[in-house]
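Chemist: sharing a sequence plus its predicted fold:
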Amino acid sequence: MGLIERYRARLPVADGARIITLGEGSTPLIQLQNLAVANARNVSLYVKYEGLNPTGSFKDRGMTMAITRAVNAGSQAVLCASTGNTSAAAAAYAARAGIACYVLIPDGKVAMGKLAQAMIHGAVVLQIQGNFDDGMKLVKQIAATEPITLVNSVNPYRLQGQKTAAFEIIDALGAAPDFHCLPVGNAGNISAYWIGYSEYAGQTTGACNLCDGQCAYLRQAVTDKRPRMLGYQAAGAAPFLRGEPVAEPETVASAIRIGQPQSWELAWAASRESGGWFDEFSDTDILATQALLANREGIFCEPASAVSVAGALRDIEAGKIPAHSSVVCTLTGHGLKDPDIAMRQSAAPVTKVAANPDEVKRVIFAEC
Ligand code: AN7
């Protein structure tokens, strides 16, 4: 069951609309077991494994809504700028709907798996001589005058779809966690989670960009608690830490190589209203956390996603997240999106061995 079907009563989808879905959502919420920092403080630490969506990232939640809306409004084509995952999702859902998809990606900075997805799904891929923020400017200009639907997260239907991840977490845990940790790039997702958590708590929020939060009043509350929203960035692309746009963002976590977030105000509202904070991490910290999750928990996420767990662990250790808290981190994208980085930072080299049992045994027992 896709998320529109699951949460239809809380989503702006017209009766009789043709639903464009690939069965997104309902992703696993996995409790981490082996991380000493969390265990020492009795923190219940969970990851929402969004890499298990149909195209391997959380973008599918927003895209089922944005493409459904576009198709039912008569649109024949969609357009986005992307660091990779949005383009993969847009391309897949546009293919499903039978409409055209145009994507603008930054010059040479998109992970191979994401580019492969946009191509195999038949999107027209334009690699611009510029970064994501330059691409964002261009697609907004073009969509303002041309008959083509913009499906970046400035499209309010995107955040409406993405808010369902917060519903799923409360539905799974029976209550909101104390803290919710997210990587922040264009800042749509942190805003969307806050809309979802607020709506389930029957509260309005300044993070809503569809109807000024008024819709929340119309809906039944299912909980009285909202988490504190913690947004983490890569140090080379951390406009929320600088308090202003970053002109030349740089990070190994290419998904969040964004200097001018489109949901700037909405994300500040989420942080402020929830009593949360922002923090930043070096590329070294980000990669170490990606490897830690893979090695110790068997969970493979892309570098940008690991920022959320890096943040949780640092703040648990520092006591900013108190002992006995419950914490959910969103792992936004699958590790397979960016195999080059995983290969580069893997400790063990591949050992070549002759195809006979004595040789294989010799290598295995030498390694023990
Ligand atoms: C894995 O695909 O912006 O703060 O163009 O792919 O909601 O932007 C991707 C963003 C985190 C940041 N983790 O989320 C794009 C794009 C992953 C991502 C983010 C992205 P937002």
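Modeler: Received it, and whenever you're ready, just let me know what you need. Numbering: from 1, shown residues only.

Chemist: in space, what's closest to the spatially most central residue of the chain - neighbours in sequence excluded?
Modeler: The chain has residue 332 as the residue nearest its centroid, 3.4 Å off, counting by CA atoms, centre = their mean. Spatially, and ignoring its direct neighbours in sequence, residue 332 is nearest to residue 305 (4.5 Å; CB to CB, 6 or more residues apart in numbering). C-betas here are computed from N, CA, C, even on glycine.

Chemist: ok, how many other residues are close to that neighbour?
Modeler: If you count neighbours by other CB atoms under 10 Å, residue 305 ends up with 33.

Chemist: wait, a helix at it?
Modeler: Yes - the assignment for residue 305 by DSSP: H, G, I helix; E, B strand; the rest coil puts it in a helix.

Chemist: I'd assumed residue 232 was in contact with the residue nearest to the centre of the chain.
Modeler: No - in this structure, residue 332 is not within contact of residue 232 by CB atoms under 8 Å, at 11.3 Å.

Chemist: overlap of the contact sets of those two?
Modeler: Counting by CB atoms under 8 Å, 6 or more residues apart in numbering, the shared contacts of residue 332 and residue 232 are 182, 183, 308.

Chemist: nearest to residue 196, of those?
Modeler: Closest approach to residue 196 among the shared contacts of residue 332 and residue 232 (CB to CB): residue 182, at 12.2 Å.

Chemist: secondary structure element holding that closest one?
Modeler: strand 179-183 (DSSP states H and E).

Chemist: is the ligand within reach of that strand?
Modeler: Yes - interface with the ligand: strand 179-183 contributes residue 183 (CB under 6 Å from any ligand atom).

Chemist: tell me how far the following helix or strand past that strand is from the chain's mean position?
Modeler: Using DSSP H and E, the helix or strand that directly follows strand 179-183 along the chain is helix 188-200. Chain-centre distance of helix 188-200: 13 Å, with CA atoms, centre = their mean, to the nearest Å.

Chemist: so what does helix 188-200 touch, helix or strand wise?
Modeler: With contacts defined as 3 or more CB pairs under 8 Å, 6 or more residues apart in numbering; DSSP states H and E, helix 188-200 has these neighbours: helix 156-162, helix 164-173, strand 179-183, strand 228-234, helix 264-274.

Chemist: say whether the ligand is contacted by it.
Modeler: Yes - using CB under 6 Å from any ligand atom, helix 188-200 reaches the ligand at 188, 189.

Chemist: flag every buried residue along that helix.
Modeler: Residues 188-200 are the ones in helix 188-200 that count as buried (16 or more other CB atoms under 10 Å).

Chemist: can you list contacts of stretch 290-306?
Modeler: With CB under 8 Å, 6+ apart as the test, stretch 290-306 has contacts from 30, 32-35, 47, 49-51, 111, 183, 185, 234, 252-256, 286-287, 289, 309, 330-338, 341-342, 345-347.

Chemist: got the end-to-end distance for it?
Modeler: Across stretch 290-306, the terminal residues are separated by 5 Å (CA to CA, to the nearest Å).
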